[in-house]
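J.: coordinates only, sequence not included:
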Ligand code: SUG
């Protein structure tokens with residue numbers, strides 16, 4: 001039986017605020033602040049627990065080995081010798097944002113009947129450009145069954161940021177879908193991180209025939225929508241998007257209605273919620289999920305509740321007779337301060353859970369064990385000047401290796 005499984009990135013012990021992500025307003029605003037990796041990881045784990053309790057299957061990806069000495073060696077340096085900016089890039093915990101791990105085309109959309117995953121190259125941002133090899137190693141283990149096909153990254157210079165720029169619409173998860181590949185052309189002062197050449201390559205590699213290629217609006221990128229999932233989210237037959245998310249929404253919506261007549265488009269008008277409010281509150285960076293009773297819920301950051309115009313609009317939405325029936329705020333403030341909301345923290349894979357390596361699937365007992373590990377081994381705080389400390393690097397490595405032991409995943413060491 002095909003199900004949607006959310007694989008969340010466990011927030012790593014090196015989580016910090018180095019301000020590495022140009023065009024991501026939260027990352028810039030909080031640059032130089034002191035992070036709280038332990039609280040961050042516990043917030044993420046409590047989100048996973050809450051989703052399990054809603055009756056949703058839940059998976060996990062692990063933090064990567066940091067500092068990334070192999071990447072530093074490719075640059076001819078070491079953690080001890082690297083200049084502080086390069087060292088911060090080598091220490092980033094950015095693989096927590098699993099929506100950027102890969103693009104996923106579930107089996108009903110592909111000609112060979114396997115679920116295809118292409119690991120994202122993330123070449124636009126230096127701190128993310130070295131994630132893909134660690135991610136690929138995990139995908140190869142988690143999805144080792146012949147029901148999956150795993151692809152290496154699209155080659156540079158074509159930027160690919162994975163599922164954050166990909167939406168799948170379908171009658172229900174197990175039915176054939178229309179896959180929407182969203183790319184950027186221009187973004188005012190900010191880079192467009194998803195390139196159309198990469199999107200087209202992924203669609204070809206996966207054999208997706210019912211694919212649409214849709215440009216992000218320049219206004220959205222310029223306002224801080226460095227990924228499409230900051231201004232739009234889809235689930236089954238519902239597309240929930242800001243009025244200014246796309247460059248040419250009329251053509252996009254018409255194409256979508258032609259390919260999937262039952263689609264329901266819920267658009268948030270700019271005169272009710274500005275792009276600025278949408279990006280600051282991360283209203284669209286919600287997990288739009290189908291609950292076991294068939295209704296849909298939005299799992300939102302608490303910041304959406306704290307933004308009055310956004311919360312008012314959302315309450316009107318659920319009071320109406322539409323498909324979205326519930327609003328569920330979750331506290332992921334530590335990740336939010338780096339521009340990562342509930343939807344950034346997860347990669348959706350539609351497949352039969354029996355085909356997934358069970359070490360990557362969670363139940364509450366495993367979440368309890370992970371909470372204990374985090375509480376014992378994750379640093380309570382990282383101040384900016386601590387990034388250069390060999391003692392911190394040791395603590396970060398110990399925390400990760402304890403986690404590998406708890407999950408019986410020593411082969412990822
Ligand atoms: O790539 N932030 C991430 C946030 C990713 C959010 N993902 C999605 N929208 N799906 C990024 O910009 C900040 C790291 C720093 O500044 O230290 C960062 O990488």
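T.: Yep, that arrived. Note that the structure is predicted; figures quoted are calculated from it, not measured.
J.: and residue 95, what does it touch?
T.: For residue 95, the contact set (CB atoms under 8 Å, 6 or more residues apart in numbering) comprises 9, 12, 61, 63, 64, 101, 131, 134, 135. Placement of C-beta: from N, CA and C, glycine included.
J.: Relative to the ligand, how far out is it?
T.: 10 Å (CB to the nearest ligand atom, to the nearest Å).
J.: got CSV for the contacts of residue 95, with distance to the ligand, neighbour count and pLDDT too?
T.: CSV is the format used below for the contacts of residue 95 (distance: CB to the nearest ligand atom, whole Å; neighbours: other CB atoms under 10 Å; pLDDT from 0 to 100):
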residue, distance to the ligand, neighbour count, pLDDT
9, 10, 28, 98
12, 12, 27, 98
61, 14, 23, 98
63, 14, 24, 98
64, 13, 23, 98
101, 10, 29, 98
131, 10, 24, 98
134, 15, 20, 98
135, 13, 24, 98
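J.: Closest to residue 231 out of those residues?
T.: residue 101 (20.3 Å; CB to CB).
J.: ok, now which ones touch that closest one?
T.: Contacts of residue 101 by CB under 8 Å, 6+ apart are 7, 9, 61, 95, 119, 120, 131, 135, 139, 162, 163, 347.
J.: Following element in sequence after the helix or strand hosting the last one, please.
T.: Secondary structure assignment for residue 347, by DSSP states H and E: strand 346-351. Next helix or strand after strand 346-351 toward the C-terminus (DSSP H and E): helix 364-377.
J.: buried set for that following helix?
T.: Across helix 364-377, burial judged by 16 or more other CB atoms under 10 Å covers 366, 367, 370, 373, 374, 377.
J.: hmm, who's touching it?
T.: Residues from elsewhere that reach helix 364-377 (CB under 8 Å, 6+ apart): 10, 13, 38, 41-42, 45, 48-49, 52, 60, 395, 398-399, 402-403, 406-407.
J.: same check, this time on stretch 243-253
T.: For stretch 243-253, the external contacting residues (CB under 8 Å, 6+ apart) are 180, 182, 185, 212, 214-220, 225, 228, 231-232, 241, 265, 267-270, 275, 284.
J.: Tell me the pLDDT of the residue of the stretch 151-300 of the chain found nearest the ligand.
T.: Distances from the stretch 151-300 of the chain to the ligand, computed as CB to the nearest ligand atom, single out residue 164 as the nearest residue at 3.3 Å. On pLDDT, residue 164 comes in at 98.
J.: Give me the neighbour count for it.
T.: For residue 164, the neighbour count with other CB atoms under 10 Å is 25.
J.: Spell out which residues of the protein are next to the ligand.
T.: Residues of the chain lying close to the ligand by CB under 6 Å from any ligand atom are 17-21, 24, 27, 92, 94, 97, 99-100, 125, 128, 164, 226-227, 229-230, 338-340, 344.
J.: Now with 8 Å, please.
T.: 16-21, 23-24, 26-28, 30-31, 88, 92, 94, 97, 99-100, 122, 125, 127-128, 161-164, 193, 226-227, 229-230, 285, 338-341, 343-344 (CB under 8 Å from any ligand atom).
J.: and those residues, which are buried?
T.: Buried among the residues of the chain next to the ligand (16+ other CB under 10 Å): 16-21, 23-24, 26-27, 30, 88, 92, 94, 97, 99-100, 122, 125, 127-128, 161-164, 193, 226-227, 229-230, 285, 338-341, 343-344.
J.: Just list the residues touching residue 56, thanks.
T.: Neighbour list for residue 56: 4, 6, 289, 291 [criterion: CB under 8 Å, 6+ apart].
J.: The same query, at a cut-off of 10 Å, please.
T.: 3-6, 48, 50, 287, 289-292, 297, 299 (CB atoms under 10 Å, 6 or more residues apart in numbering).
J.: possible to save the residues you listed as JSON lines with pLDDT?
T.: Below are these laid out as JSON lines (pLDDT from 0 to 100):
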{"residue": "3", "pLDDT": "97"}
{"residue": "4", "pLDDT": "98"}
{"residue": "5", "pLDDT": "98"}
{"residue": "6", "pLDDT": "98"}
{"residue": "48", "pLDDT": "98"}
{"residue": "50", "pLDDT": "98"}
{"residue": "287", "pLDDT": "98"}
{"residue": "289", "pLDDT": "98"}
{"residue": "290", "pLDDT": "98"}
{"residue": "291", "pLDDT": "97"}
{"residue": "292", "pLDDT": "95"}
{"residue": "297", "pLDDT": "97"}
{"residue": "299", "pLDDT": "98"}
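J.: Give me the subset of those residues lying in helices.
T.: 48, 50 (DSSP state H).
J.: Does anything pack onto the host helix or strand of residue 182? Which helices or strands?
T.: Residue 182 is part of strand 177-183, with elements assigned from DSSP H and E. Under the contact criterion of 3 or more CB pairs under 10 Å, 6 or more residues apart in numbering; DSSP states H and E, strand 177-183 touches strand 102-105, strand 166-170, helix 196-206, strand 211-215, strand 232-235, helix 249-259.
J.: The residue of the stretch 301-413 of the chain found nearest the ligand in helix, strand or coil?
T.: Relative to the ligand, the nearest point of the stretch 301-413 of the chain is residue 344 (3.3 Å; CB to the nearest ligand atom). For residue 344, the assignment made with DSSP: H, G, I helix; E, B strand; the rest coil gives coil.
J.: That one: what's it in contact with?
T.: Shown in contact with residue 344 (CB under 10 Å, 6+ apart): 8-9, 96-100, 163-164, 227, 229-230, 282, 285, 301, 332, 335-336, 338.
J.: Just the strands from the stretch 201-350 of the chain, written as ranges.
T.: 211-215, 232-235, 238-242, 264-268, 287-290, 296-301, 324-330, 346-351 (DSSP state E, counting those that start in this stretch).
J.: Could you measure from residue 309 over to residue 226?
T.: Residue 309 sits 22 Å away from residue 226, taking CB to CB, to the nearest Å as the criterion.
J.: How about residue 138?
T.: 24 Å.
J.: Do I have it right that residue 332 meets residue 15?
T.: No. The pair residue 332 / residue 15 is not scored as a contact, 11.6 Å apart, by CB atoms under 10 Å.
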